[in-house]
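Q: Fold the following.
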Amino acid sequence: MTVSPLARPFPDIAAISGVRIGTATAGYKAWTRNDVTLFAFDPGTSVAGVLTRSRCPSPEVELCRTRLANGTARAVVINAGNSNAFTGLTGRQAAAAQTAHAAALLGCDVGAVFAASTGVIGVPLPQDKAVAGVEAAFAALGSASWHDAANAIGTTDTFAKGAIVTAMIGATRVTLAGVIKGSGMIAPDMATMLGFIVTDAKVAPTFLQAALSAANARSFSCITVDGDTSTSDTVLAFATGAAGNAELTDARSAGADAFAAALADVCGQLARLVVRDGEGASKFIAIAVDGAEDDRAARVIALSIANSPLVKTAIAGGDANWGRVVMAVGKAGEAADRDRLAIRFGNTEVAANGMVVPGYDEAPVAAHLAGQDIEIGVDIGLGQGRARVWTCDLTHGYISINADYRS
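A: Next comes the predicted model:
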């Protein structure tokens with residue numbers, strides 16, 4: 001597929017101590033590319049995760065939800081091209097068999113092996129291919145780069161997505177790196193895609209979970225492409241402890257704030273990359289809502305704007321139709337006062353006090369909408385609540401990609 005015009009180059013991510021990566025071809029679809037990825041972690045690795053709230057989750061999501069309670073991980077296996085969702089007992093058996101085989105190869109407890117799958121819903125994961133694929137990926141451990149992994153976990157993605165950040169914990173420099181896949185069926189509800197973050201910091205599972213949940217609330221749960229939450233959404237974070245820092249046990253630990261900020265940074269970068277690869281996207285849209293009754297209300301209003309097909313198509317066409325923003329605010333169901341509302345595109349205020357601003361000149365707004373990075377600002381004028389969300393425009397490309405998805 002044509003690379004998104006909003007794409008960003010893949011960063012230089014060196015090997016992180018305590019993890020090895022292998023990729024291989026299981027052949028889940030009629031392609032020759034690698035479609036199974038294995039991350040293998042050293043003993044003592046902590047794990048945390050955020051998972052879809054879909055009431056129809058995949059067996060892999062249910063497996064992760066159960067095993068996260070243990071707080072430790074030795075591996076995660078990722079399948080691309082088949083989501084294994086809505087596949088009944090056959091799908092559950094395939095997920096169990098694949099993770100059991102990975103555990104046997106690594107010589108670890110199966111409860112320490114996690115899994116994620118992405119692709120078409122309703123097609124059982126072929127157990128023979130899944131087992132053979134993870135065996136091939138195991139044989140390739142240590143040979144694959146982070147860029148290889150980012151490519152192998154993708155489906156309709158048009159570019160590889162990754163991020164890397166460093167932080168100081170006392171005198172110890174730690175690294176956090178991650179890869180993510182996602183392009184369509186993206187809407188905030190815990191997580192919104194498949195993402196995998198690894199750090200060499202030593203972090204207790206409880207604090208890693210707290211830090212990831214907080215980061216998720218400001219990143220993965222603040223993006224939307226099409227308003228559709230996947231059955232397979234999974235973001236997992238792993239801490240190998242290889243850096244040798246004093247363990248971060250809670251928010252009061254020395255360096256905990258720096259680590260949490262770095263994790264939030266990585267999550268934010270990855271989340272916005274997903275929006276930049278939104279199916280058919282030509283414009284990246286940042287939406288800021290201020291002055292709502294509280295932060296929760298601001299987020300609801302912001303997502304109402306971000307998920308509006310009318311707003312998204314107007315942006316695609318470069319149309320400064322601020323009335324559609326008014327519509328989206330009004331339908332959100334949160335407190336709003338028409339006569340206090342203010343709206344801006346970029347740095348230009350277009351409406352205030354319930355009407356268009358006096359002497360409004362659409363030229364600078366049109367110039368802003370002609371670019372690739374669009375900003376919409378809304379001030380509700382009622383309180384201190386604020387939220388920031390990110391989305392993309394809606395073009396005919398989205399229809400083309402999804403109409404032909406299974407073929």
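Q: what about the helices in the stretch 201-350 of the chain?
A: Applying DSSP state H, counting those that start in this stretch to the stretch 201-350 of the chain gives helices spanning 205-217, 256-276, 295-306, 309-316, 323-331.
Q: Throw those helices into JSON lines and include mean neighbour count, distance to residue 246 and mean pLDDT, thanks.
A: Just so you know, the C-beta spots here come from the backbone N, C-alpha and C atoms, and that holds for glycine as well. Below are the helices of the stretch 201-350 of the chain laid out as JSON lines (neighbours: other C-beta atoms under 10 Å; distance: least, C-beta to C-beta, whole Å; pLDDT from 0 to 100):
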{"stretch": "helix 205-217", "mean neighbour count": "20", "distance to residue 246": "12", "mean pLDDT": "97"}
{"stretch": "helix 256-276", "mean neighbour count": "22", "distance to residue 246": "10", "mean pLDDT": "97"}
{"stretch": "helix 295-306", "mean neighbour count": "22", "distance to residue 246": "33", "mean pLDDT": "96"}
{"stretch": "helix 309-316", "mean neighbour count": "20", "distance to residue 246": "47", "mean pLDDT": "95"}
{"stretch": "helix 323-331", "mean neighbour count": "18", "distance to residue 246": "48", "mean pLDDT": "96"}
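Q: how many neighbours does residue 168 have?
A: Counted with other C-beta atoms under 10 Å, the burial measure for residue 168 works out to 13 neighbours.
Q: Now whichever strand or helix holds it: buried residues?
A: Following DSSP states H and E, one finds residue 168 within strand 161-169. With burial defined by 16 or more other C-beta atoms under 10 Å, the residues of strand 161-169 counted as buried are 161, 162, 163, 164, 165, 167, 169.
Q: all strands of the stretch 101-250 of the chain, in order?
A: In order along the chain, the stretch 101-250 of the chain carries the following strands (DSSP state E, counting those that start in this stretch): 113-120, 161-169, 172-181, 194-199, 234-239.
Q: which of those strands has the lowest average pLDDT?
A: Of all those, strand 113-120 carries the lowest average pLDDT, namely a mean of 93.
Q: got the angle for that strand vs strand 234-239?
A: 150 degrees (axes from the mean of the first three to the mean of the last three C-alpha atoms, to 10 degrees).
Q: distance between the ends of stretch 226-243?
A: 40 Å (C-alpha to C-alpha, to the nearest Å).
Q: circling back to that earlier point, any chance of CSV for the helices of the stretch 201-350 of the chain, columns distance to residue 121?
A: Formatted as CSV, the entries for the helices of the stretch 201-350 of the chain read as follows, by distance: least, C-beta to C-beta, whole Å:
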stretch, distance to residue 121
helix 205-217, 23
helix 256-276, 19
helix 295-306, 24
helix 309-316, 23
helix 323-331, 29
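Q: so which of those helices comes closest to residue 91?
A: Each of these was checked against residue 91 via C-beta to C-beta, and the shortest separation belongs to helix 256-276, namely 25.1 Å.
Q: Could you tell me the angle between the closest one and helix 205-217?
A: Helix 256-276 and helix 205-217 are oriented at 40 degrees to each other (the same axes, to 10 degrees).
Q: Would you confirm that residue 172 contacts residue 244?
A: Yes. With contact defined as C-beta atoms under 8 Å, residue 172 and residue 244 form a contacting pair (6.3 Å).
Q: ok so, going back, what pairs with the strand holding residue 168, parallel or antiparallel?
A: strand 172-181 (antiparallel) (DSSP bridges).
Q: one step back: tell me the one among the buried residues of strand 161-169 nearest to residue 224.
A: Using C-beta to C-beta, the shortest approach to residue 224 within these belongs to residue 161, at 16.7 Å.
Q: That concludes my questions; thank you for your assistance.
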